[in-house]
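J.: All I have is the shape, not the residue letters:
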Ligand SMILES: C[C@H](O)[C@H](O)[C@H]1CNC2=NC(N)=NC(=O)C2=N1
C-alpha cells in the first residue's frame, strides 16, 4: 500500500466498517502517522491521540461540537476527552477492527483542519 499524503487523506471519506475489518499493522500505522501532524500512536499501536489546551471550557465544547458534526458526516467517531476544564484530548480507533484503519487517519487529518481557541502562553 503506498502511503497516502495529507492531501490524499483529507480528500478521502471514511468507509463504513462492517464486520471483521482487519486492523492496520504497527508499521502501516506508523507510515500513515507521518501524514497527520501532532498525532501520536498509543503504545499498543491500537489508537492515535492528539491533545490541546483550550482557552476555556466552552472553547473545548465548541471544538467538540465541530468534531462531532464531522464524525457524523464521516460515519466514524472519536473518543472525546475534556478534563480539568480545558485539557482536550481526542483518541481515534476503529471499533469494528479492534485497532486502527485508514478511517482513523482520514478523520485525524480532517480534525486537524478544525479551529480550536487555545490557551494563550
Ligand atoms: C455502521 C457504522 O459504519 C459503524 O457503526 C461505525 C460507526 N462509527 C464508528 N466509529 C469508530 N471509531 N469505529 C467504528 O468501528 C465505527 N463504526
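T.: Looks like it came in fine. Being a predicted model, the structure only gives us computed values, none of them experimental.
J.: When you work out contacts or count neighbours from here on, use the C-alpha atoms and nothing else.
T.: OK.
J.: Check whether the one helix or strand residue 70 maps to comes near the ligand.
T.: Residue 70 is part of helix 57-74, with elements assigned from DSSP states H and E. No: using CA under 6 Å from any ligand atom, helix 57-74 never reaches the ligand; the gap is at least 7.9 Å.
J.: In that helix, which of the residues would be classed as buried?
T.: For helix 57-74, the neighbour count (16 or more other CA atoms under 10 Å) marks 57, 59, 60, 61, 63, 64, 67, 68, 70, 71, 74 as buried.
J.: Can you name the residues of the chain that neighbour the ligand?
T.: Residues of the chain lying near the ligand (CA under 6 Å from any ligand atom): 16, 17, 75, 76, 77, 78, 93, 94, 95, 96.
J.: give me the element the residue positioned nearest the centre of the chain is part of.
T.: Taking CA atoms, centre = their mean as the criterion, residue 108 is the residue nearest the geometric centre of the chain, at 3.2 Å. Counting by DSSP H and E, the element that carries residue 108 is helix 102-111.
J.: now do residue 46
T.: Per DSSP H and E, there is no helix or strand for residue 46.
J.: Now do the same contact list for the closest residue to it other than its chain neighbours.
T.: Spatial nearest neighbour of residue 46, chain neighbours left out: residue 99 (4.4 Å); criterion: CA to CA, 6 or more residues apart in numbering. By CA atoms under 8 Å, 6 or more residues apart in numbering, the residues touching residue 99 are 23, 24, 45, 46, 47, 93.
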